[in-house]
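Enquirer: sequence unknown, structure follows:
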């Protein structure tokens with residue numbers, strides 16, 4: 001059996017390979033010429049001349065059966081600018097160009113590396129010039145530190161604490177002053193029906209009780225007369241709305257004293273004390289008396305001295321040896337004895353009528369001095385006044401310091417001053433008396449009811 005010599009050139013065995021349009025065999029991606037199916041069958045037949053049966057060989061089995069041929073790497077053809085590729089020719093690149101690229105992995109899909117592995121893969125390089133870290137000493141809490149205890153500095157009181165302390169001191173001072181007031185049963189058993197507002201009966205007595213010989217000589221009051229009368233009788237009306245009114249009642253007013261007939265109004269005080277005086281005032285004016293306050297001669301002078309004196313403007317010269325005063329016109333500072341003589345004297349043209357006007361002037365001046373910054377901002381003077389003044393006052397059993405504060409407020413902020421209208425004077429069996437103007441007096445009383 002003759003065999004046809006086999007040539008290595010693919011173009012000599014054109015029937016065994018697949019040819020392109022240019023007549024040249026086509027090659028696969030490895031540079032090998034592609035055989036036709038007929039040539040593959042013939043080759044299989046020549047390898048097995050006596051096949052038992054026709055067996056179809058797949059391309060994969062065919063590739064396994066073929067001898068392994070070394071792969072020839074064609075040089076990479078670089079296309080230059082302007083070069084042309086002839087029609088029908090295929091340009092192939094080297095196999096390295098066909099290596100598949102792996103898509104970048106997502107950071108979460110990467111397995112976590114241990115610190116030891118990371119350090120093994122990428123050793124940490126420290127600069128040689130960097131000094132080694134210093135050892136940090138172990139910190140121990142203050143609670144566990146052994147040794148002497150450290151004293152904590154006391155916190156300074158704030159504004160809130162100071163305000164609370166001031167309020168506490170003020171409340172305590174008011175309660176102490178209230179406990180030092182003298183109290184009596186000043187209201188009668190039977191009183192007229194109540195009228196509008198609140199009516200205070202303010203009384204200044206000529207009592208010398210409790211005064212020493214030195215005080216009598218200093219004040220010029222004389223000894224104990226035995227019978228106590230009132231030098232000052234005033235009714236303060238505090239309405240629910242509007243301006244207060246301070247009404248003076250002349251002490252020689254000729255009125256009916258309940259149970260004793262007509263007499264001077266101050267005689268009611270000497271006969272029956274505060275209760276009979278309250279009842280007499282109510283019957284004469286038709287005004288219900290709600291509260292009562294009384295101060296004696298010694299108390300008035302001591303109150304002035306505790307406040308540091310009062311400033312009073314004298315309208316005319318007054319020379320009264322009995323009152324121990326010799327005053328010239330003009331504003332001047334008066335001490336206790338001088339102020340007492342100023343409100344007691346009747347050595348002026350209208351006598352008792354001038355005196356009631358001076359008494360109202362004195363009361364306003366005293367209240368203004370007590371409520372001035374020079375007194376209430378001076379701790380020593382304020383303490384002395386709050387300690388002394390309550391003992392000089394006598395009030396009804398149901399009255400308190402905070403009730404008196406309303407009187408002080410009215411005197412400090414202004415009020416209307418009145419005197420019971422006088423119709424004339426008359427000599428009677430009880431002495432020279434003051435007669436009221438019945439019509440004008442009733443009109444005044446009606447305005448206060």
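Expert: Great, that's in hand. All values derive from a computational prediction rather than experimental measurement.
Enquirer: residue ranges with poor pLDDT in the stretch 51-200 of the chain?
Expert: Within the stretch 51-200 of the chain, the segments meeting pLDDT under 70 span 51-157.
Enquirer: how about 80 then?
Expert: For the stretch 51-200 of the chain, the stretches with pLDDT under 80 are 51-158.
Enquirer: Would you mind giving the domain segments of this protein?
Expert: Listed domain ranges for the chain are 14-46, 172-448 (source: automatic domain parsing).
Enquirer: Pick the most buried one from those domains.
Expert: Mean neighbours per residue, mean count of other CB atoms under 10 Å, is largest over the domains of the chain for domain 172-448, with a mean of 17. For every residue, glycine as well, the C-beta is placed using N, CA and C.
Enquirer: returning to what we had before: save the domains of the chain as TSV, and put in distance to residue 162 too.
Expert: Shown next, in TSV, are the domains of the chain (distance: least, CB to CB, whole Å):
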stretch	distance to residue 162
domain 14-46	100
domain 172-448	15
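Enquirer: Could you check those and tell me which one is nearest residue 164?
Expert: Set against residue 164 and scored by CB to CB, the domains of the chain come closest in domain 172-448, at 12.5 Å.
Enquirer: how long is that closest one from one end to the other?
Expert: Using CA to CA, to the nearest Å, the end-to-end distance of domain 172-448 comes out at 36 Å.
Enquirer: Repeat that for stretch 259-268.
Expert: Note: stretch 259-268 ends 10 Å apart using CA to CA.
Enquirer: Ok, stretch 241-256 next?
Expert: Per CA to CA, the first residue of stretch 241-256 is 32 Å away from its last.
Enquirer: if we can go back for a sec, among the domains of the chain, which one carries the weakest average confidence?
Expert: When these are ranked by mean pLDDT, domain 14-46 comes last with a mean of 71.
Enquirer: if I read this right, residue 243 contacts residue 415, doesn't it?
Expert: Yes. Using CB atoms under 8 Å, residue 243 is in contact with residue 415, at 6.0 Å.
Enquirer: Pull up the gap between the residue nearest to residue 340 when sequence neighbours are not counted and residue 375, please.
Expert: Spatial nearest neighbour of residue 340, chain neighbours left out: residue 301 (4.6 Å); criterion: CB to CB, 6 or more residues apart in numbering. In this view, residue 301 and residue 375 are 17 Å apart by CB to CB, to the nearest Å.
Enquirer: residue contacts, the residue nearest to residue 449 when sequence neighbours are not counted?
Expert: Distances taken as CB to CB, 6+ apart place residue 195 nearest to residue 449, at 4.6 Å, with adjacent residues excluded. Residue 195 makes contact with 286-288, 448-449, according to CB atoms under 8 Å, 6 or more residues apart in numbering.
Enquirer: same thing but 7 Å
Expert: Shown in contact with residue 195 (CB atoms under 7 Å, 6 or more residues apart in numbering): 287-288, 449.
Enquirer: closest to residue 174 among those residues?
Expert: residue 288 (27.7 Å).
Enquirer: shouldn't the closest one be in contact with residue 198?
Expert: No. With contact defined as CB atoms under 7 Å, residue 288 does not count as touching residue 198 (9.4 Å).
Enquirer: So which of the contacts of residue 195 belong to strands?
Expert: With strands taken from DSSP state E, there is no overlap with the contacts of residue 195.
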